[in-house]
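**Student:** What follows is a predicted structure for the sequence shown.
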Amino acid sequence: MPTTNSSGLGAIDALGDHQAVAALLECCHSAMWAEQIAASRPFADLKALFDTADAVLAELPESEIDDALSGHPRIGERTESASSTREQSGVSSATEDVLAELRQKNAEYEDKFGHVYLVCASGKSGTELLDILRGRLRNDPATERSVLRTELAAINRIRLARLIDSLAGGAA
């Protein structure tokens, strides 16, 4: 996870409402989440930001979770999103067999659960992500929705920390 700088935290607090929501939507594609985080500013510290982000996510209706998922490509799929590309960098060295099975298991997952397989991919290889996917295919829908929210919270934290760091770089 990036090292966060307090000047970046101050910079997000100083953004106008529309700018803050736009920046936060780059972290999580739920408008309700981004608006509630923006409305919760200022943050005393990074922990307060993370705690707020987690609490807001936990209370989102399923429709907003579905909106958040729309911002995430399938594991192993090429994307225009710099965040997703960085987070899935471990897949880039996967063998064609692993990539083919990821495509197959992604399709099975989507057929079973009705949404994209979401996992915090940072630091994980293609084989690790495939193993996690195989295991998650054994979940029932309610369990999987709970796991998905936990994974989304982890991704949001990484992206929030990166956002704070990028704002600190701009403020320096």
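**Tutor:** That came through, no problem. Numbers count the residues shown, from 1 in each chain.
**Student:** Only C-alpha atoms from now on, for both contacts and neighbour counts.
**Tutor:** Fine.
**Student:** buried ones in the longest helix anywhere in the chain?
**Tutor:** Under DSSP state H, the helix in the chain containing the largest number of residues is helix 141-171. The neighbour-count check on helix 141-171 (16 or more other Cα atoms under 10 Å) flags 144, 147-150, 152-168 as buried.
**Student:** low pLDDT regions in this protein?
**Tutor:** Residue ranges of the chain with pLDDT under 70: 1-6, 77-90, 92-93, 170-172.
**Student:** again, only this time at 90
**Tutor:** Within the chain, the segments meeting pLDDT under 90 span 1-8, 70-96, 99, 122-123, 167-172.
**Student:** So which residues of this protein form helices?
**Tutor:** Using DSSP H, helices in the chain cover 6-14, 17-25, 31-39, 46-59, 62-69, 82-87, 96-113, 126-136, 141-171.
**Student:** Distance to residue 76 for those helices - can I get that in JSON lines?
**Tutor:** JSON lines is the format used below for the helices of the chain (distance: least, Cα to Cα, whole Å):
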{"stretch": "helix 6-14", "distance to residue 76": "31"}
{"stretch": "helix 17-25", "distance to residue 76": "22"}
{"stretch": "helix 31-39", "distance to residue 76": "26"}
{"stretch": "helix 46-59", "distance to residue 76": "25"}
{"stretch": "helix 62-69", "distance to residue 76": "16"}
{"stretch": "helix 82-87", "distance to residue 76": "9"}
{"stretch": "helix 96-113", "distance to residue 76": "7"}
{"stretch": "helix 126-136", "distance to residue 76": "8"}
{"stretch": "helix 141-171", "distance to residue 76": "16"}
